[in-house]
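**Q** let's see this in three dimensions:
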Amino acid sequence: MSESLYITVLVFSGTMLVNVLTSTALWYIHGNRIFGYITLSWVITAINFFMQSQFVGFDYKMLLAFSFYVLASWVYYEITLALLKNEERSRWIYALPIVLVVVGLGVLRLTSSYQMASIFSAIAIALPLLAAAWVSFRHENHRDETKGFRVLALLLFLLAIHYLDYPILRHSEAGAVFGYTMAFLLTFAFSIFFPSFLLWQLAHEYSGKLQDEVTKQTKELVALDNRNKALLSILIHDLATPVTTAMMSISKMERVAQTVSLDRLRRSLHHIMSTIEKVRELQAVSTGKKNLEMEFSDPLLAAHGAVSYYAEQLHAQNLTVQFIDRRKNFGAAVMIDAQLLQAQVMGNLISNAIKFSPRGEEIVIRLTEDAHFLNIDVIDFGIGIPENIAGKLFSFTGVTTRKGLHNEKGTGFGLPLVKAYVDMMHGRIEFKTQYKDPDFEREVGVCMRVKLPLVTTQPILSKAPEMGM
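**A** Residues are numbered from 1 along each chain as shown. Next comes the predicted model:
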């Protein structure tokens, strides 16, 4: 064996060893039978290569060593069908190559012409490769997958041509070196293509299954959400009517005789009704049924309206409200839903300030502005916000409910609704708790700041002095 042929054999052997180890590892990791087929093809190729390097006498041993590659050719055919997920096999692919090999051995015995006999073996090896190339070329599915099968068809076709030229090239040393070099290059191409394409297929398949599962789960969640919404609507409607009736009856009874029991019952029913209204508002926001009537308006009017609404609760706790208007650009204005800002945003913030302010304290509503926003601060000097609920204060799912200083109950929906409505008006809401404010001598309990974007310079308000209530 010449030095150049020896080097070629050595490199080919190393490549086969790497291919066998790599495909075996992938087979073990993924458990996919195609990796098993690929491992088998490399083992057969290595055995075939070893046999051809040992039998060089142009006799039936050398012919059988060459014909042994029919096994690898069949494995390539099986790999191709497995990649195509095609279970239909042509029987002649297995029968005809056996017949051709037997005919080749007969020709060698009768004529002693190795070149003529090897033609039959070369055709026997090429037939399964050409059949695999044909079915790969005809495959049409996903665009990227089709491209991959076209590449596979080209590689299989080139490999078939390589074995068909064996009877010509094997009769010279230079031809043998060229043939081994071509075999090495094609083997190297297959060693890259097979794992890469199969891994891409597996990733695409897993992605498709995951997408189908996500779609299925999404449909189930949507159906469940629709059922819950329907149930919630029925529940709200069926609860609201009898609670309202009961509250009216209690009001009539209280006109005749006021008792502690009636007062407790009235407060309990009021709490239930408040919860129902909050849930109704939450449902309207989540379903998109809440439409805003946006207009240029002065938010100070909404703040006054909210304070007036809570006048009774403020008086009961001996709380005062101070208004501080620090706006300087009275030509700037905001676009808001005034009724929503008053009833839901300012109402909820003032209600919370009342709930957590000590009796006899003060609540401050302060208006300031910066380059882009009008800021409305609702400030109390109460107990502040604990760290364990501060991070989920505006979450519909987080548990933030706690009793007020005067044993008031809450629903936990107030601040999440405030944030939802402020977001709908393209604003922001933020807060600070237990800090020193330069406007006040004592420590602030909570400052809730609503930031509304300045959108016009048309004057719609007049300068107002600080007001108190």
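**Q** max-length helix in the protein?
**A** helix 173-256 (DSSP state H).
**Q** so how far is that helix off the chain centroid?
**A** 8 Å (CA atoms, centre = their mean, to the nearest Å).
**Q** shift numbering so it begins at 9
**A** I'll keep to 9 as the first residue from here, and by that count the last item is helix 181-264.
**Q** which elements pack onto that helix?
**A** helix 11-38, helix 41-62, helix 78-92, helix 151-172, helix 174-177, helix 268-294 (3 or more CB pairs under 8 Å, 6 or more residues apart in numbering; DSSP states H and E). Yep, even glycine has a C-beta here, placed from its N, CA and C like the rest.
**Q** could you tell me the least trusted of those helices?
**A** Mean pLDDT is lowest for helix 268-294 among those, at a mean of 66.
**Q** give the contact list for the closest residue to residue 444 other than its chain neighbours.
**A** Leaving aside its chain neighbours, residue 444 sits nearest to residue 451 (6.0 Å; criterion: CB to CB, 6 or more residues apart in numbering). For residue 451, the contacting residues are 389, 442-444, by CB atoms under 8 Å, 6 or more residues apart in numbering.
**Q** got the phi/psi numbers for residue 451?
**A** When read as degrees, to the nearest 10, the backbone of residue 451 gives phi -70, psi 140.
**Q** do the same with residue 447
**A** According to degrees, to the nearest 10, residue 447 has phi -80, psi -10.
**Q** try residue 333
**A** Here residue 333 shows phi and psi, under degrees, to the nearest 10, equal to phi -110, psi 100.
**Q** what kind of secondary structure is the nearest residue to it once chain neighbours are set aside in?
**A** Of all residues beyond its chain neighbours, the one nearest residue 333 is residue 375 (4.9 Å), with distances taken as CB to CB, 6+ apart. Here residue 375 is recorded as strand under DSSP: H, G, I helix; E, B strand; the rest coil.
**Q** next, count neighbours for residue 375.
**A** Close neighbours of residue 375, defined as other CB atoms under 10 Å, add up to 18.
**Q** do residue 133 as well
**A** Residue 133, neighbours per other CB under 10 Å, totals 30.
**Q** flag every buried residue along the helix or strand where it lies.
**A** Here residue 133 sits within helix 122-146, counting by DSSP states H and E. By 16 or more other CB atoms under 10 Å, the buried positions in helix 122-146 come out as 122, 125-141, 143-145.
**Q** quick one: it to chain centroid distance?
**A** 48 Å.
**Q** direction included, what does the lengthiest strand in the chain pair up with?
**A** In the chain, with assignment by DSSP state E, the single longest strand is strand 452-464. When pairing is defined by DSSP bridges, strand 452-464 lines up against strand 341-344 (antiparallel), strand 381-388 (antiparallel), strand 436-443 (antiparallel).
**Q** mind checking the SS state of residue 366?
**A** Residue 366 - assigned by three-state DSSP - is coil.
**Q** so it touches residue 388, yeah?
**A** No - the pair residue 366 / residue 388 is not scored as a contact, 9.3 Å apart, by CB atoms under 8 Å.
**Q** show the buried residues in the contacts of residue 451.
**A** Buried among the contacts of residue 451 (16+ other CB under 10 Å): residue 389.
**Q** can you pull the poorly scored residue ranges out of the stretch 309-458 of the chain?
**A** Where the stretch 309-458 of the chain drops to pLDDT under 70, the residues are 338-340, 406-410, 412, 414-415, 417-420.
**Q** all helices of it, in order?
**A** Remark: helices assigned in the stretch 309-458 of the chain by DSSP state H, counting those that start in this stretch are 319-324, 346-348, 355-363, 395-398, 422-432.
**Q** and the shortest one, what's buried?
**A** Under the neighbour-count criterion of 16+ other CB under 10 Å, helix 346-348 has 346, 348 buried.
**Q** contacts for that helix?
**A** 300-301, 303, 305, 307, 309-310, 429, 433.
**Q** picking up where we left off before, buried sites along the longest strand of the chain?
**A** 452-460, 462-463.
**Q** reformat those residues as TSV; add distance to residue 102.
**A** Shown next, in TSV, are those (distance: CB to CB, whole Å):
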residue	distance to residue 102
452	87
453	86
454	82
455	84
456	80
457	80
458	79
459	77
460	79
462	81
463	79
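**Q** which ones are touching residue 342?
**A** Neighbours of residue 342 in contact, by CB under 8 Å, 6+ apart: 304-305, 307, 382, 460-463.
**Q** tell me what it is bridged to.
**A** Under the criterion used (DSSP bridges), residue 342 bridges to residue 305, residue 462.
**Q** for residue 459, see how far away it is.
**A** 10 Å (CB to CB, to the nearest Å).
**Q** shaky segments in the stretch 59-208 of the chain?
**A** Ranges of the stretch 59-208 of the chain meeting pLDDT under 70: 61, 64, 149-152, 178-181, 184-185.
**Q** nearest to residue 43, of the strands paired with strand 452-464?
**A** Across these, residue 43 has its closest neighbour in strand 436-443 (55.0 Å, CB to CB).
**Q** that closest one to helix 355-363, inter-axis angle?
**A** Interaxial angle, strand 436-443 versus helix 355-363 (axes from the mean of the first three to the mean of the last three CA atoms, to 10 degrees): 10 degrees.
**Q** flag every buried residue along strand 436-443.
**A** Result for strand 436-443 [16+ other CB under 10 Å]: buried residues 437, 439-441.
**Q** now the residues you listed as JSON lines including distance to residue 38?
**A** Putting the buried residues of strand 436-443 into JSON lines (distance: CB to CB, whole Å) gives the following:
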{"residue": "437", "distance to residue 38": "51"}
{"residue": "439", "distance to residue 38": "52"}
{"residue": "440", "distance to residue 38": "55"}
{"residue": "441", "distance to residue 38": "54"}
